[in-house]
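[1] The sequence and its predicted three-dimensional model are supplied below.
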Amino acid sequence: MKYIIIGAVAGGASTAARLRRLDEHATIVIFEKGEYISYANCGLPYYIGHVIKDRNKLFVQTAASFIERFNIDVRISTEVTKVDPIKKTVTAVIQATGEAYTESYDKLILSPGAEPLRPPLPGINSEGIFTLRNVNDTDYIKSYIKHNQVTRAVIIGAGFIGLEMAENFTDLGIDVTMIEMGDQVLAPVDFPIAAIVQQHVRSKGVNLILNTAATGFERSGNQVNVSLKNGDILNTDMVLLSIGVRPDTRLAVQAGLKIGTGKGIWVNEYLQTSDPDIYAVGDAIEFGNPITGQSMVTYLAGPANKQGRTCANNIVLGNVQQYKGSINTAIVKIFDMTVGTAGTASKHLKAAGIDHIVSTTHNGSHAAYYPDAQQMTIQIAFSPIDGRLLSAQVAGYDGVDKRLDILSSFIKQNKTIYELVEFEHGYAPPYSSAKDPVNMAGFVAENILLERLKVFYWNEFENIQAEDMLLDVRNKDEYSSGKIADAINIPLDELRSRLDEIPKNKTIYIYCAGGLRGYLAQRILVQNGFDVFNLSGGYNLWQICVTESGLSKNKIEATALSSKEIEGEVLVAGVL
């Protein structure tokens, strides 16, 4: 049996290695148009920023080591230009010589990856404008920074790579301006989580410009002038384009393979294309989203590597393992903060017409009495019918990865918020609290689902009518330091003795700093005959969101509490 794999790195290389483990006697050929067979492309920003100092550590396998260990015919710097499904051949061109030749196959695996978007803007091919997708891009950027005394950089696009590069450029002493066409960073997450990230990014000196786009570039001496849609012109030493990627489907189209509605190579549940002898993996394929059912493409190394293993199993053993799709679990370090997401964000659930409830909680990364506990925000979305967990987003400074992985596994297994309540974790003060933030997210969600708790959100204040009452249950010092306009202050600990000040014929909207005291106040009032809603995420999240959205800024009547003061509430959160 002869297997040909087009494209290496994550999907192709993992497929090849698994094929060899399953079939010692097969002929396996990898064509890779680049120079490198398997490298850590997720580590490229950190090599540019000198976090990873040894370039060789980027390479998982070299062509030579791959040949030696797996006995695989690796042909680097060789591009496949044509696939003939009828003759079952591929045409390859050796880039150094231009020589073309054909190679036959029994089974073909496509792993062409994705290519960075480079829109046809004026001057976009000028010197000093880069994309970051592979090792060659990385070497070019590092060399350019070194030899051109770069002190200013403009990053177009505020996705994962753009934000990682903002951090690494800043660590090199480069002043960074980020341009994002959308109204938030990190498109896969919902606005409240993005708003938290945006404030952190701005606090690190990054000039973040949202709701505008680059319209052209002009080289001027050693500088690049970046024209923006809002009319501004930015003068900079270099530009990094980080506006996204698209599936590389050129060979699939040429071969007459089916392209799906998500613009990727269509594959069935066995990663088999419309041609039964051709399989495909990695960034170029599309599959059904496990939550929405809609076709999607994902550009993540984890799914690509797992697809490679599944694909090889199906090729050798005969379509024995179904690929169940990806819930797009992703995490990113942004300066001091870590942000992660899994499942389908609320905004995308709305677009898909999927009914859901959103809940936001704040808790400490570990026990409050143990030093250095830090605030963590968890937002989950779940079904109002059965509590099935549909998405999770986590932002914080410590322990984010652990909670994200737990929540991701629950989403992947179609678990509900009730399983979050029962989740049993390893507890010691340096690592968690007796009730972990995952449990706390479950407690609040359960209260909402069982109608023990009614919530409203940061962007729903326009629904509060003149005859309703907005009640701040923080203490007087907090209220004086910053409040929402028209709010009346009755501290939680005074509430029982002041019930006569609250009219029963009005709907009461409550808020505190993080949500806990609001919930406790709500339970008191509901059991005394009041109709009450509690602000999900509390005052702190509301203030961040309205500041970052530019909406209702006049409602902020004073400066916000310090994060330490706010953490004082969430870190001592008790039983819900």
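    It's in. As the structure is a computational prediction, the values presented were derived from the model and not from experiment.
[2] Which residue ranges of the stretch 101-250 of the chain form strands?
    Taking DSSP state E, counting those that start in this stretch to define them, one finds strands in the stretch 101-250 of the chain at 107-110, 114-116, 129-131, 152-156, 175-180, 207-210, 214-220, 223-228, 233-236, 238-241, 245-247.
[3] which stretch among the ones you listed comes nearest residue 318?
    Counting by Cβ to Cβ, residue 318 lies closest to strand 107-110 out of the strands of the stretch 101-250 of the chain; the figure is 11.4 Å. Every residue, glycine included, has its C-beta placed from N, CA and C.
[4] I'd like the average pLDDT over that closest one.
    Strand 107-110 carries an average pLDDT of 98.
[5] neighbouring contacts of it?
    1-7, 12, 15, 83, 88, 90, 251-252, 265, 273, 277-281, 284, 311, 315 (Cβ atoms under 8 Å, 6 or more residues apart in numbering).
[6] for stretch 27-38, same thing?
    1-10, 12-13, 16, 19-20, 59-63, 66, 70-80, 90, 92, 95, 103, 105, 134-136.
[7] which of the strands of the stretch 101-250 of the chain sits most buried?
    Each of the strands of the stretch 101-250 of the chain was scored by mean neighbour count; the highest is strand 107-110, a mean of 26, by mean count of other Cβ atoms under 10 Å.
[8] Could you write out the alpha-carbon coordinates of that one in PDB?
    This file holds the C-alpha atoms of strand 107-110, laid out as PDB (Å, rounded to 0.1, in the frame of the first residue of the first chain):
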ATOM      1  CA  LYS A 107      -4.600   6.500  -0.700                       C
ATOM      2  CA  LEU A 108      -4.100  10.300  -0.700                       C
ATOM      3  CA  ILE A 109      -4.300  12.600   2.400                       C
ATOM      4  CA  LEU A 110      -4.700  16.300   1.900                       C
END
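[9] Sheet-wise, list the partners of that strand with their directions.
    Strand 107-110 has the following strand partners under DSSP bridges: strand 2-6 (parallel), strand 278-280 (parallel).
[10] shaky segments in this structure?
    551-576 (pLDDT under 70).
[11] for it, longest helix please?
    Ranked by residue count under DSSP state H, the longest helix found in the chain is helix 301-317.
[12] Show me what it packs onto, helices and strands only.
    helix 11-22, strand 107-110, strand 278-280 (3 or more Cβ pairs under 8 Å, 6 or more residues apart in numbering; DSSP states H and E).
[13] Let me have these in CSV, extended by distance to residue 176.
    Shown next, in CSV, are these (distance: least, Cβ to Cβ, whole Å):
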stretch, distance to residue 176
helix 11-22, 32
strand 107-110, 37
strand 278-280, 37
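[14] which residue ranges form the strands in the stretch 351-500 of the chain?
    Counting by DSSP E, counting those that start in this stretch, the strands of the stretch 351-500 of the chain are 357-364, 375-382, 389-396, 455-456, 469-472, 488-489.
[15] Let me know which of these is the nearest to residue 219.
    So among these, strand 389-396 is nearest, using Cβ to Cβ, at 38.6 Å.
[16] Who are the packing partners of the closest one?
    When contacts are defined as 3+ Cβ pairs under 8 Å, 6+ apart, strand 389-396 sits against helix 191-203, strand 337-343, helix 346-351, strand 375-382, helix 400-412, helix 417-422.
[17] Save the ones you listed as JSON lines, and put in distance to residue 534 and mean neighbour count too.
    Formatted as JSON lines, the helices and strands packed on strand 389-396 follow (distance: least, Cβ to Cβ, whole Å; neighbours: other Cβ atoms under 10 Å):
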{"stretch": "helix 191-203", "distance to residue 534": "16", "mean neighbour count": "21"}
{"stretch": "strand 337-343", "distance to residue 534": "24", "mean neighbour count": "25"}
{"stretch": "helix 346-351", "distance to residue 534": "18", "mean neighbour count": "18"}
{"stretch": "strand 375-382", "distance to residue 534": "15", "mean neighbour count": "26"}
{"stretch": "helix 400-412", "distance to residue 534": "22", "mean neighbour count": "21"}
{"stretch": "helix 417-422", "distance to residue 534": "17", "mean neighbour count": "19"}
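[18] Quick check: which of those is nearest to residue 489?
    strand 375-382 (23.5 Å).
[19] So which of the strands of the stretch 351-500 of the chain is the most surrounded?
    The highest mean neighbour count among the strands of the stretch 351-500 of the chain, using mean count of other Cβ under 10 Å, belongs to strand 389-396: a mean of 27.
[20] between it and helix 400-412, how many degrees?
    Interaxial angle of strand 389-396 relative to helix 400-412 (axes from the mean of the first three to the mean of the last three Cα atoms, to 10 degrees): 180 degrees.
[21] how distant is strand 389-396 from the center of its chain?
    10 Å (Cα atoms, centre = their mean, to the nearest Å).
[22] for stretch 104-123, same thing?
    Counting by Cα atoms, centre = their mean, stretch 104-123 comes out at 22 Å from the chain centroid.
[23] same thing with stretch 303-320?
    Remark: stretch 303-320 is offset 26 Å from the chain centroid, using Cα atoms, centre = their mean.
[24] same check, this time on stretch 454-471
    Put simply, stretch 454-471 sits 30 Å off its chain's centre (Cα atoms, centre = their mean).
[25] got the end-to-end distance for that stretch?
    End-to-end distance for stretch 454-471: 15 Å, by Cα to Cα, to the nearest Å.
[26] Now do the buried residues in that stretch.
    454-458, 461, 464, 468-471 (16 or more other Cβ atoms under 10 Å).
[27] thinking again about what came up before, tell me which of the strands of the stretch 101-250 of the chain lies nearest to residue 528.
    Of all these, it is strand 207-210 that lies closest to residue 528, at 44.2 Å by Cβ to Cβ.
[28] The closest one - which strands sit beside it in the sheet, and in what orientation?
    By DSSP bridges, strand 207-210 pairs with strand 175-180 (parallel).
[29] Now do the strand it pairs with and strand 152-156, the angle between them.
    Between the axis of strand 175-180 and that of strand 152-156 there is an angle of 10 degrees, by the same axes, to 10 degrees.
[30] quick one: residue 55 from residue 245, how far?
    23 Å (Cβ to Cβ, to the nearest Å).
[31] swap in residue 544?
    As judged by Cβ to Cβ, residue 544 and residue 245 stand 30 Å apart.
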